[in-house]
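J.: Build me a structure from this.
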Amino acid sequence: MGFGDLKSASGLKVLNDYLADRSYIEGYVPSQADIAVFEALDAPPSADFYHALRWYNHILSYESTKSCLPGVKQPLGKYGPQNVADTTPAKAVEDDDDDDIDLFGSDDEEESAEAKRIKEERLAQYEAKKSKTKLVPVGYGIKKLQIQCVVEDDKVGTDMLEETITAFEDYVQSVDVAAFNKV
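T.: Residues are numbered from 1 along each chain as shown. Model (predicted):
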């Protein structure tokens, strides 16, 4: 896991490919993950790696407030695509003998057949419930959420309901009313 050595062209290519469809290393806002990867770069990426350069310049604008960004900074190898081997130079690691001692006595390796069956049933139930969501495809990979509600006009007006829904600006672009049920 990880980007590899970000000082080499191969590491920068992995970073560039990773950022081709993402704005940040993790999530939808800049975080400590972005700062960790940013600090691993010793210079801005070349123009050949335009996704990485765009991301670098954007994170550079947060340099004065980088300690205020959310998240917890982890080692560089924890970030990036899953299928890339970490080729960053290994630091000296202290040998901890207590790593293999399980103080609470849990044996995760020996999972019973009954527990596996229950886990599979719950996953199947979750997938069935998830497939019944009201997402309707619009086009080009865009989906809209359709919901039904009955509005009691004396308590909540439809305008108030639309304002409340559109307050989630990061997730909602617009609200269309297909039908009304007023009580």
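J.: Around residue 117, how many other residues sit close by?
T.: 10 (other C-beta atoms under 10 Å). In short, each C-beta sits where N, CA and C put it, glycine included.
J.: Toward the C-terminus from the host helix or strand of it, list the very next helix or strand.
T.: Here residue 117, judged by DSSP states H and E, is contained in helix 113-131. Per DSSP H and E, the first helix or strand lying C-terminal to helix 113-131 is strand 135-139.
J.: partners of that next one, with directions?
T.: strand 142-145 (antiparallel) (DSSP bridges).
J.: With just CA atoms, put the strand it pairs with into PDB.
T.: Written as PDB, here are the backbone C-alpha positions of strand 142-145 (Å, rounded to 0.1, in the frame of the first residue of the first chain):
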ATOM      1  CA  ILE A 142     -25.600  10.800 -12.000                       C
ATOM      2  CA  LYS A 143     -28.300   9.600  -9.700                       C
ATOM      3  CA  LYS A 144     -31.000  11.300  -7.900                       C
ATOM      4  CA  LEU A 145     -32.700  10.400  -4.600                       C
END
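J.: Only alpha carbons, please: show the helix holding residue 117 as PDB.
T.: The C-alpha trace of helix 113-131 is given here as PDB (Å, rounded to 0.1, in the frame of the first residue of the first chain):
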ATOM      1  CA  ALA A 113     -18.300 -21.800  11.200                       C
ATOM      2  CA  GLU A 114     -21.300 -20.500  13.000                       C
ATOM      3  CA  ALA A 115     -19.900 -17.000  13.300                       C
ATOM      4  CA  LYS A 116     -19.000 -17.100   9.600                       C
ATOM      5  CA  ARG A 117     -22.500 -18.200   8.700                       C
ATOM      6  CA  ILE A 118     -24.100 -15.400  10.800                       C
ATOM      7  CA  LYS A 119     -21.700 -12.800   9.300                       C
ATOM      8  CA  GLU A 120     -22.600 -14.000   5.700                       C
ATOM      9  CA  GLU A 121     -26.300 -13.800   6.500                       C
ATOM     10  CA  ARG A 122     -26.000 -10.200   7.900                       C
ATOM     11  CA  LEU A 123     -24.000  -9.100   4.900                       C
ATOM     12  CA  ALA A 124     -26.700 -10.600   2.600                       C
ATOM     13  CA  GLN A 125     -29.400  -8.800   4.600                       C
ATOM     14  CA  TYR A 126     -27.500  -5.500   4.400                       C
ATOM     15  CA  GLU A 127     -27.000  -5.800   0.600                       C
ATOM     16  CA  ALA A 128     -30.700  -6.600   0.100                       C
ATOM     17  CA  LYS A 129     -31.600  -3.500   2.200                       C
ATOM     18  CA  LYS A 130     -29.100  -1.400   0.400                       C
ATOM     19  CA  SER A 131     -30.400  -2.400  -3.000                       C
END
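J.: Good, we can wrap up now.
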